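Participant: Sequence and computational prediction follow.
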4 protein chains.
Amino acid sequence: MIVVMSPSATKAQVTAVRRTVEAHGLQAFVSVGQERTVVGVVGTDVEQVANIGSLDGVEQVIRVTQPYKLASAEHHPERTRVVVGGVPIGQGEELVAIAGPCSVESRQMLLDTARWVRHEGARMLRGGAFKPRTSPYAFQGLGRPALELLAEARAETGLPVVSEVTDAADVELMGSSVDVLQVGSRNMHNFVLLRAVGQSARPVLLKRGFGATIEEWLMAAEYVLSSGNSDVILCERGIRTFETATRNTLDLSAVPLLRRHTHLPIAVDPSHGTGQRDLVAPMALAAAAAGADALLIEVHPDPPNALSDGPQSLSFPEFGALMDELRRLQFVRNGAAAAGDGDQSNIALIDSAVHSSIDLAFRTPAPSLNLLVMCSIVSFKAAPNVSSTPSSRIATAGKLAVRRALRVRSIASMGVTSGRSRLLY
Amino acid sequence: MIVVMSPSATKAQVTAVRRTVEAHGLQAFVSVGQERTVVGVVGTDVEQVANIGSLDGVEQVIRVTQPYKLASAEHHPERTRVVVGGVPIGQGEELVAIAGPCSVESRQMLLDTARWVRHEGARMLRGGAFKPRTSPYAFQGLGRPALELLAEARAETGLPVVSEVTDAADVELMGSSVDVLQVGSRNMHNFVLLRAVGQSARPVLLKRGFGATIEEWLMAAEYVLSSGNSDVILCERGIRTFETATRNTLDLSAVPLLRRHTHLPIAVDPSHGTGQRDLVAPMALAAAAAGADALLIEVHPDPPNALSDGPQSLSFPEFGALMDELRRLQFVRNGAAAAGDGDQSNIALIDSAVHSSIDLAFRTPAPSLNLLVMCSIVSFKAAPNVSSTPSSRIATAGKLAVRRALRVRSIASMGVTSGRSRLLY
Amino acid sequence: MIVVMSPSATKAQVTAVRRTVEAHGLQAFVSVGQERTVVGVVGTDVEQVANIGSLDGVEQVIRVTQPYKLASAEHHPERTRVVVGGVPIGQGEELVAIAGPCSVESRQMLLDTARWVRHEGARMLRGGAFKPRTSPYAFQGLGRPALELLAEARAETGLPVVSEVTDAADVELMGSSVDVLQVGSRNMHNFVLLRAVGQSARPVLLKRGFGATIEEWLMAAEYVLSSGNSDVILCERGIRTFETATRNTLDLSAVPLLRRHTHLPIAVDPSHGTGQRDLVAPMALAAAAAGADALLIEVHPDPPNALSDGPQSLSFPEFGALMDELRRLQFVRNGAAAAGDGDQSNIALIDSAVHSSIDLAFRTPAPSLNLLVMCSIVSFKAAPNVSSTPSSRIATAGKLAVRRALRVRSIASMGVTSGRSRLLY
Amino acid sequence: MIVVMSPSATKAQVTAVRRTVEAHGLQAFVSVGQERTVVGVVGTDVEQVANIGSLDGVEQVIRVTQPYKLASAEHHPERTRVVVGGVPIGQGEELVAIAGPCSVESRQMLLDTARWVRHEGARMLRGGAFKPRTSPYAFQGLGRPALELLAEARAETGLPVVSEVTDAADVELMGSSVDVLQVGSRNMHNFVLLRAVGQSARPVLLKRGFGATIEEWLMAAEYVLSSGNSDVILCERGIRTFETATRNTLDLSAVPLLRRHTHLPIAVDPSHGTGQRDLVAPMALAAAAAGADALLIEVHPDPPNALSDGPQSLSFPEFGALMDELRRLQFVRNGAAAAGDGDQSNIALIDSAVHSSIDLAFRTPAPSLNLLVMCSIVSFKAAPNVSSTPSSRIATAGKLAVRRALRVRSIASMGVTSGRSRLLY
């Protein structure tokens, strides 16, 4: 902590600052500058003298240590990986898409959506049971019945479930039904709730308050961590600025900034971050390129009739197109990530190479299967440690890549992909 | 609600909008403009089609009715007066000063502060028992023991008590100990808490979220009101902007704006609004001039050693000086407010006139008591319905005015007032 | 300047910082903290090493001296008084109202407005000749012909004229026609223009950029001051925030903050600051209470048909009512300001006392002229140094007060003042 | 334009609105809602009644047409391509990197930087001659001599030059020395300058004002366009928000939003947008993924000793690493963009395939040249219309790809790429 004295501060005032510091068992280093005297405060708990700015002659008090400890990368250099129902998030793992409706509206719509997003490659399901709404007269979620529906969707699809908890009293109930407890943007400063989820065994997805600085957000994470729960995923979802053309201003620079300051995994929610359907895909891709570990995407079978957040929900085909784009981007990311990694990354490399080759093949007027096969073989051979990779996994990777490529093609022929492509690039 | 179609919208898309509107039992008025078609939606619950923006061809959906009903001045033209332990706030009543420490730190400091602020003219006591702090490691308030101390301070001074509630589970407990339940800025969007205080019999002081628009703030009030509690006092406390020279940007234009939109009483907290001791007094005066019904002021016997919010707490003499300034301003306000009012305002007018006269008298090198008396008599006679005012109250008013004037003078001679004056003007 | 090293910084990196500092002839004080090493940089021009943050191992660079010198109160403790055509602004002078239309639209409207605002007590006239408009298709001002009309209005009313200059090439031309060169909010960062007005002999009214911090604003003033022009008046006019209920958020805390940091006079523009006619008066009063030296108010003979800024322009009666309110407030301020002042303040005190008395008298159902006269006489006698005040000035003050009071009354009977009063208090 | 009446508006007030509208030759459609009456205004220039909000009984005036015409995509569906010295920007062209120092500091540093950025694949050179600085005491650029150095750098490297113009009086001079006139963020609202560059024959790069909405930015473009210059490139560079962890908040959602609203090319400046060296690369990639047409990157041979913007300038190796990352991303983009394109895209596909293959090859512990060649051959054969592509171009593409791959490898062995990779993913 640094105490900057005003230029007109007297010697007695500087002495008073020094004495106050020392009275708390801290050390004070006084250095006299051209215009101002500056007092450096050193010790184990400098926050004891946080109010020293009230002493006469003090102009400014500057903290130089980060106020968060458990969330800080300083004391925890390796990045944290949070595993949810077998799905790892963070620490260089593949980008995880978490998708589903804003709120659970009915059994049918939930199951339809869950099946579709799994089909398209989402790894987790989102869906609100308790919805915090600005208006007391707006749809507030189905509540408990929605939890049962979410459990059913999980049972059927195998997708772990993320759902928002709004009341500390609900944490236990929710914890028994869902896999990840979401703390929403409006509750990021609800310290009672943060403590409650901190005592749960469930991982927590902590959204950034729309009016919160990154430091405050990490302090909110610190509440959860210091209550005993070390599985926290941060989720950027846009901040409030003067710009009204978007619902919020998605602050993607938070992603690399958090990489520097914290070891926790980082998700991005481009649905709330933009509030507009046609901005979701470009911003999802941008988030992935900036280094996000996970994405939260709102998907709805019939956006215009959604009970909440319709204007920002993707339709089923839109979500599919986005997932294809993300996979293309992911191939690039995986390639880079692979440098020096072991077995897992070989699969990714193979996948990437196969896909590229197939892509080329498809662009011929009449793609021959031979060409496909040839490409694959060459790519396989090119992969460095192919021999050490279980052949079953290679086969799986190859098949998956072919299937994906085929779907891209068929969707493209429906005019969806080409529409998106034009939008994006 | 107005649905603005994009310029390229087809007739079929306009028809789809119209049909969707009508399918919900609402009326649609289509008007074709030079560039765009606009569909006006009329009916009892237009929010049913809130997501119509997801339909193809829709560019923008504009709400023209206010989303809050109970908080709105439209249906409630007379202003609300909330009475707390006999102290009325709102509806043209005298400005109420609510003062006290940020948090209750000990019995002694609380009682000292309570006595002083009452002595200086505060009508209510503030003091935190449960403190929401950004850091989990910072002092979080004394909790329940603080409630007992607050009750003791109330018993001794007669001042009703305002204290913050942070947990819905605490509402009943708090309600039995304090007179007004404060919902803090960070909890303005905590709908669970809003509902809980809405079911309490205690008045609620609802602070504006530092990232909340005025409309959202009124929607938060609507949560409380629609839960059955009609005693809501709004409190502006600064919003978050790009300016870092102050802790927050105190948005005083909220005061007259709220006058237009709501009937609820309006308080202002210049302590949190600025975060800096020497800005508190000027902004308190500005808030009063803008039309605030109440002020929340942090006062501490020893700011540099406060456990929370030291840099923005006034010392005892600073608070006294501010109260004197406020009274001067109040005389002007009362004069204007008196037009057409009855008995109460006569007292105020007399008070004002006596004070002005005494003020003049004091400025003579040797003020004569005769002059004082003469001024008072003339002023008394000038007051319109003096005859109908109980003489005991006139006497009280006169005495009070003389006492105040004498204190102003003695403080001035201690150099405090003159210091402030220089700052302010 | 303080250089904060990252916790992982090596000794070599700290040494590199120290050497870089010393290589520029500056001194480096290294202090090793619990977690971080901090290097204090001391010397005459620490800005030389402003980019030291690029060195490896540096986490943060903190400036502790203010970057502005000429604008700073540190080296210039007495406040500056800028005199414009005989009207003094700043340094404890009476609040100056600067009023007039947003833009000069015609000879008739300008003269009508100029006459009215002078009649109501404005001391300066504002009026735009060159209007910076967001849209290239909007009315851009009459240009040069407007300058001639402004000169005519000045000649007739004696009011000095403020008008905005938007082009460095126009500074000389404008300087020969108007008394104060206004630099608008959108040009606060137009350094070419700042330098040009800095070389003019005319005082400059420098509006705050709507996206500018107070420090940047003072740096803009520094451009003018360092170019040779020491007559700068700062004008707060609202900043851009997330709140859309007002055109801007008027940052009144800038007023006391500037008092602390600079010696320059401070004006406030509640018209642009709010953008809404009915918020102008309350915010003007608040600005006065916060300690502003001057107010900029837009007045128009027919706001609905104004070519620019109609929604925020006051009509003639609205402006009159505001000036009366300001005078009431001013009486309080003058009283405080008067302590220790000489002749001028006696006039103000007399004025205040007379006004108060008349006010009381008017509130009787049938005010008798006798009562009026009696009040006045007593008040006169009560004034301390009446004998030393020229009797002609006392007479003038008395007459003015009576005239004002009568006007207040007649306007009140038109329902205007009472409307405002209800709004304000 | 839609005029929303207040709920208490009288019939006479509605009539007054209607008459005012009709008096300007516009049509008024009155529709009576449940709570409010709404008046739709239709006609060729509805801005004529822009101030109708001042009429009694009007609550709100809502514009539904975009105020910009020439910049709007509505009347100009095909995207604009601005060609600068042979380099096309916009309309689906390859992402253009514009790189160079913040300001020209000396002949040597400019030439070194220009050579390096060209070597790494930048297509244009940036460099400031006239620097708008917040402080009048900071380095303001070399001025005219810098223009000559920029011309020399262009002559040697063939890179077209972008440089900022700050004074309308300099437009002609600058236009004869540089290829693109940059209007900086602080001058986005300097309408005199916008008009001046609008009359130049040079393309204009228009940065977003850090406090400007997207609509205002497009209005600024409209100033340039309506002055006769149709070559405008928009450049997002971050907006000012409450977040202080970054210099600005880079608003990448502006990129897809502008795609929807305008036909003009879109650039992004991640250097100013973040202000921090280690955030530049991730945000550059994110901007590319969001669909930017060009990137502005600050590069300096020795950032710690830069005279301006050192903390956000990339070093030479950092810039090289970023360009490699961008190329990887670009391969994905090109692949998508290529669908349906002709000859040019084949080159890109080949390039992509070769690169992927080489990449794989390099990851083997000892990459054999045979493998490299094999990969290339297969990829070539896989390309669809290889036969129709001139063989010389195929050869060039192949060589280029090999060269790039080799450089990636050598840089990686210096530990630079791997450092970045870890940061990014």
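Facilitator: Nice, thanks for sending it over. Numbers count the residues shown, from 1 in each chain, chains lettered A, B, ... in the order given.
Participant: Please identify the residues of the stretch 1-150 of chain A in proximity to chain D?
Facilitator: Listed as neighbours of chain D in the stretch 1-150 of chain A under the rule C-beta under 8 Å from any C-beta of the partner chain: residue A:92. The C-beta positions use only the backbone N, C-alpha and C, and glycine is treated the same way.
Participant: what does the stretch 1-150 of chain A put close to chain B?
Facilitator: The stretch 1-150 of chain A comes close to chain B at residues A:20, A:47, A:50-55, A:61, A:67-68, A:132-138, as judged by C-beta under 8 Å from any C-beta.
Participant: Could I have the PyMOL command that selects the buried members from the residues you listed?
Facilitator: Those of the residues of the stretch 1-150 of chain A next to chain B that count as buried under 16 or more other C-beta atoms under 10 Å in any protein chain shown are selected in PyMOL with:
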select buried, chain A and resi 20+47+50+51+52+53+54+55+61+67+68+132+133+134+135+136+137
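Participant: Can you flag which of the residues of the stretch 1-150 of chain A next to chain B belong to strands?
Facilitator: residue A:61 (DSSP state E).
Participant: how about the helices of chain A, start to end?
Facilitator: Applying DSSP state H to chain A gives helices spanning A:11-23, A:107-119, A:144-157, A:171-177, A:191-198, A:214-226, A:254-261, A:270-274, A:277-290, A:316-338, A:343-363, A:369-382, A:391-413, A:416-424.
Participant: Just want the most central residue of chain A.
Facilitator: Geometric centre of chain A, nearest residue: residue A:267, 0.5 Å, by C-alpha atoms, centre = their mean.
Participant: I'd say it and residue A:288 touch.
Facilitator: No - in this structure, residue A:267 is not within contact of residue A:288 by C-beta atoms under 8 Å, at 11.2 Å.
Participant: who touches both of these two?
Facilitator: Common contacts of residue A:267 and residue A:288 (C-beta atoms under 8 Å, 6 or more residues apart in numbering or on different chains): residue A:295.
Participant: quick one: residue A:290 and residue A:257 touch, right?
Facilitator: No - contact criterion C-beta under 8 Å: residue A:290 and residue A:257 do not qualify, at 10.0 Å.
Participant: The two: which is more packed in?
Facilitator: The neighbour comparison of residue A:290 against residue A:257 (other C-beta atoms under 10 Å in any protein chain shown) goes to residue A:290, with 30 against 23.
Participant: Now do that one against residue A:206, distance only.
Facilitator: Taking C-beta to C-beta, to the nearest Å as the measure, residue A:290 and residue A:206 are separated by 19 Å.
Participant: what do you get for residue A:305?
Facilitator: From residue A:305 across to residue A:206, the span is 31 Å (C-beta to C-beta).
Participant: what does the stretch 1-150 of chain A have sitting close to chain C?
Facilitator: Within the stretch 1-150 of chain A, the positions near chain C by C-beta under 8 Å from any C-beta are A:2, A:4, A:7-8, A:29, A:31-36, A:38, A:40, A:42-44, A:60, A:62, A:64-65, A:74.
Participant: And for whatever residue of the stretch 251-400 of chain A ends up closest to chain B, the neighbour number?
Facilitator: Nearest residue of the stretch 251-400 of chain A to chain B (C-beta to the nearest C-beta) works out as residue A:310 at 2.9 Å. Look at residue A:310: counted by other C-beta under 10 Å, it has 22 neighbours.
Participant: So it sits against residue A:304, correct?
Facilitator: Yes - with contact defined as C-beta under 8 Å, residue A:310 counts as touching residue A:304 (5.9 Å).
Participant: Which residues are in contact with each of those two?
Facilitator: Joint contacts of residue A:310 and residue A:304 (C-beta under 8 Å, 6+ apart) are B:51, B:54.
Participant: what sits against the residue nearest to the centre of chain A?
Facilitator: A:89, A:98, A:205, A:233-236, A:292-296.
Participant: one more time with 7 Å
Facilitator: Residue A:267 makes contact with A:205, A:233-235, A:292-296 under the criterion C-beta atoms under 7 Å, 6 or more residues apart in numbering or on different chains.
Participant: One more: residue A:159?
Facilitator: Residue A:159 makes contact with A:114, A:118, A:122-125 under the criterion C-beta under 7 Å, 6+ apart.
Participant: what's the distance between it and residue A:13?
Facilitator: For residue A:159, the distance to residue A:13 equals 63 Å [C-beta to C-beta].
Participant: do residue A:196 as well
Facilitator: According to C-beta to C-beta, residue A:196 stands 45 Å off from residue A:13.
Participant: These two: which is more packed in?
Facilitator: Per other C-beta under 10 Å, whichever of residue A:196 and residue A:13 has more neighbours is residue A:196, with 23 against 17.
Participant: Of the residues of the stretch 1-150 of chain A next to chain C, keep whichever come out buried.
Facilitator: Taking 16+ other C-beta under 10 Å as the criterion, what is buried in these is A:2, A:4, A:7, A:29, A:31, A:33, A:36, A:38, A:40, A:42-43, A:62, A:64-65, A:74.
Participant: Max pairwise distance over those residues: which two?
Facilitator: Pairwise distances across these (C-beta to C-beta) peak at 34.1 Å, for the pair A:7 and A:74.
Participant: what's the spacing between residue A:258 and residue B:300?
Facilitator: Taken as C-beta to C-beta, the span from residue A:258 to residue B:300 is 37 Å.
Participant: neighbour count winner among the two?
Facilitator: More neighbours surround residue B:300 than the other of residue A:258 and residue B:300, with 29 against 25 (other C-beta under 10 Å).
Participant: pLDDT value on that one, please?
Facilitator: With respect to pLDDT, residue B:300 scores 95.
Participant: Is it in contact with residue B:306, as I believe?
Facilitator: Yes - counting by C-beta atoms under 7 Å, residue B:300 does reach residue B:306; the two are 4.8 Å apart.
Participant: Next, show the common contact partners of the two.
Facilitator: Residues touching both residue B:300 and residue B:306 (C-beta under 7 Å, 6+ apart) are residue B:313.
Participant: Surely residue A:16 and residue A:55 touch.
Facilitator: Yes - look at residue A:16 against residue A:55 with C-beta under 7 Å: they come within range, at 5.8 Å.
Participant: export stretch A:175-189 as PDB, just CAs?
Facilitator: The C-alpha trace of stretch A:175-189 is given here as PDB (Å, rounded to 0.1, in the frame of the first residue of the first chain):
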ATOM      1  CA  GLY A 175     -27.500 -29.000  -5.700                       C
ATOM      2  CA  SER A 176     -29.300 -32.300  -5.700                       C
ATOM      3  CA  SER A 177     -30.800 -31.700  -9.100                       C
ATOM      4  CA  VAL A 178     -28.300 -29.900 -11.200                       C
ATOM      5  CA  ASP A 179     -24.600 -30.200 -11.900                       C
ATOM      6  CA  VAL A 180     -23.500 -26.600 -11.900                       C
ATOM      7  CA  LEU A 181     -25.000 -23.800  -9.800                       C
ATOM      8  CA  GLN A 182     -25.100 -20.600 -11.800                       C
ATOM      9  CA  VAL A 183     -24.900 -17.300  -9.900                       C
ATOM     10  CA  GLY A 184     -26.400 -14.700 -12.200                       C
ATOM     11  CA  SER A 185     -25.100 -11.300 -13.100                       C
ATOM     12  CA  ARG A 186     -27.600  -9.500 -10.800                       C
ATOM     13  CA  ASN A 187     -26.500 -11.600  -7.900                       C
ATOM     14  CA  MET A 188     -22.800 -11.300  -8.300                       C
ATOM     15  CA  HIS A 189     -22.700  -9.000  -5.300                       C
END
